[in-house]
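Student: Fold the following.
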Amino acid sequence: MNKFLILVVLSLTGVFQIRAQEPVKQDSTAKGKITMRGLFQARYLFSGNKNIDLNGLHHLDGKAVYNDFDIKRARLQFTSKISDRTDVVLLLNLADFKTDPKNKVLENAYITYRLDNFINLKMGQFRPAFGLEDMYPVDVIKSMDYSNQYTAFGNNGWQSFQIGASIYGATHGEIPVKYELSVINGNNRNQLMDNDNGKHFSTRVELGLQKSLKIKLGLNGGLATVLGSNVYAAGVDLSGVVPLGKKWSLEIETEFKQGNNHTFYYGLDSAKRVGGVDNYQMHGLYFLPNLRYAINYHRLSSLEFSCRYENFNNDFKHAANNPRQTWTPMVSAEFLKAYSARIQFGVNIDRYKRNIPGTIQYNNEMFIVQVQSRL
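Tutor: A predicted model of the protein is given here:
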């Protein structure tokens, strides 16, 4: 794994030796402009096991709430262009008010400064680039939601909304390269302050290997100090689009990640820990093919058929580990353009190595019907 991190650093060093050829265009007319965008997602959920609630928890008494209407996201995003080089972005999820809004609601809150195409600066609360799923918003995802590994690595401070700063940019040579270097607190969003003096240092380098098929290779690596312990995370991802005809195309993405699960380690009673934080590691792999048929008939733009497979283990070094396999077949209808309106139907099928009654580690099928609109 150390060799992998060295490879990422060397790749990034090579990127810094190449300057972008295209200058940043000046746009004085855009100064002071404020734009607003939004996203609404509502869904109906039904658990295939009436003893398992919608959070996946198995109830021994059989008193589980196994179906529900829910507002998943009600987002508003404000972007202010205060100069031709500087933007300020705010993203709120008003659906978080349905529960305790502490450490919620505010998702993005950051400022960016563009020096040129190669060097951009960002500071505030944002999603640091540490994987393929960080490269697009959830409203254009090819499955029902982000993967299990995205959630786990987010809980450990590598992904999802974090507070910190980053430098990022791109080159446009024969092999296009995108990069991002981030330093963040690593204790998730909307915290009063960091919980220790350690920081998460991470990097992502994305290489455009093939233009016509849009094949991209991503390398991710990070090191951090958490409560006095040194931890790491690393991953690799690959994506591309295969045209199958005039209206058919197959989009494929796959990703593997591995790293310390320090959140799990420090959440255990000290008497129950077996070894140090180095012995508590997680890894995950997912594969997501998405078959798209472009209809473009009246307001119906396309139909999509996908099925993500994921294998995730949150503690693979101990004998008591209980790996989780998840299949998520989904059918989606896109209306208008760019997912301005969308209807999705999918099933989240979880299978564990062994069922543990009274916990979330229990086999289940969760049926989901979701509607969304981008404003």
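
Student: Strand partners (parallel or antiparallel) of the helix or strand hosting residue 71?
Tutor: Using DSSP states H and E, residue 71 maps to strand 67-81. The pairing partners recorded for strand 67-81 under DSSP bridges are strand 33-47 (antiparallel), strand 86-93 (antiparallel).

Student: Give me whichever of those strands is most buried.
Tutor: Neighbour counts (mean count of other CB atoms under 10 Å) averaged over each of the strands paired with strand 67-81 peak at strand 86-93, with a mean of 18. Every C-beta, even on glycine, is put in place using the N, C-alpha and C of the backbone.

Student: related to what we said a few turns ago, could you pull out the buried residues of the strand holding residue 71?
Tutor: Buried residues in strand 67-81, counted by 16 or more other CB atoms under 10 Å: 72-75, 77-79, 81.

Student: and residue 150, what does it touch?
Tutor: Contacts for residue 150 (CB atoms under 8 Å, 6 or more residues apart in numbering) come out as 131, 133, 159-160.

Student: Out of the residues you listed, list just those in strands.
Tutor: Applying DSSP state E to these, no entry is found in strands.

Student: now those in CSV, with distance to residue 370?
Tutor: Below are those laid out as CSV (distance: CB to CB, whole Å):
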residue, distance to residue 370
131, 23
133, 18
159, 22
160, 20
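
Student: Closest one to residue 244 out of the residues you listed, please.
Tutor: Within those, proximity to residue 244 (CB to CB) peaks at residue 133, which comes in at 24.5 Å.

Student: Burial check on that closest one, number of neighbours?
Tutor: Look at residue 133: counted by other CB atoms under 10 Å, it has 23 neighbours.

Student: Could you number the chain from 7 rather than 1 from now on?
Tutor: Sure thing, new numbering starts at 7, so read that last one as residue 139.

Student: quick revisit: for residue 368, find the nearest of the strands paired with strand 73-87.
Tutor: For residue 368, the closest of these is strand 39-53, at 10.7 Å, according to CB to CB.

Student: Let me see the mean pLDDT of the closest one.
Tutor: Averaging pLDDT along strand 39-53 gives 95.

Student: And the strands paired with strand 73-87: which comes nearest residue 325?
Tutor: Proximity to residue 325 (CB to CB) singles out strand 39-53 among the strands paired with strand 73-87, at 30.2 Å.

Student: burial of the nearest residue to residue 56 once chain neighbours are set aside, as a residue count?
Tutor: Once flanking residues are discounted, residue 56 sits nearest to residue 72: 5.0 Å by CB to CB, 6 or more residues apart in numbering. Using other CB under 10 Å, residue 72 has 17 other residues around it.

Student: quick one: contacts of the strand holding residue 77?
Tutor: In contact with strand 73-87 (CB under 8 Å, 6+ apart) are residues 36-53, 60, 93-101, 104, 113-114, 144-145, 376.

Student: From the chain's centroid, how far away is that strand?
Tutor: From the chain centre to the centre of strand 73-87 is a distance of 16 Å (CA atoms, centre = their mean, to the nearest Å).

Student: With stretch 212-227 instead?
Tutor: Taking CA atoms, centre = their mean, one finds stretch 212-227 lying 17 Å from the centre of the chain it belongs to.

Student: Can you show me the CA trace of it as CSV?
Tutor: Output of stretch 212-227 as CSV, limited to C-alpha atoms (Å, rounded to 0.1, in the frame of the first residue of the first chain):
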residue,chain,number,x,y,z
GLU,A,212,-7.5,11.3,-12.8
LEU,A,213,-6.1,10.4,-16.2
GLY,A,214,-8.1,10.5,-19.4
LEU,A,215,-6.9,7.4,-21.1
GLN,A,216,-9.2,7.2,-24.1
LYS,A,217,-11.2,10.1,-25.6
SER,A,218,-13.9,8.4,-27.7
LEU,A,219,-14.8,5.9,-25.0
LYS,A,220,-14.3,8.5,-22.2
ILE,A,221,-12.1,6.0,-20.3
LYS,A,222,-10.8,7.6,-17.1
LEU,A,223,-8.5,6.1,-14.5
GLY,A,224,-8.5,7.6,-11.0
LEU,A,225,-5.8,7.1,-8.3
ASN,A,226,-6.6,8.1,-4.7
GLY,A,227,-4.4,8.1,-1.6
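
Student: Excluding its own residues, what touches it? List them.
Tutor: Residues contacting stretch 212-227 (CB under 8 Å, 6+ apart): 10-11, 13-15, 17, 135-138, 141, 181-185, 208-211, 238-248, 261, 263.

Student: ok, now with 6 Å
Tutor: 11, 14, 136-138, 181-184, 209-211, 240-247 (CB atoms under 6 Å, 6 or more residues apart in numbering).

Student: mind listing what's buried in that stretch?
Tutor: Buried positions in stretch 212-227, judged by neighbour count with 16+ other CB under 10 Å: 212-214, 221-227.
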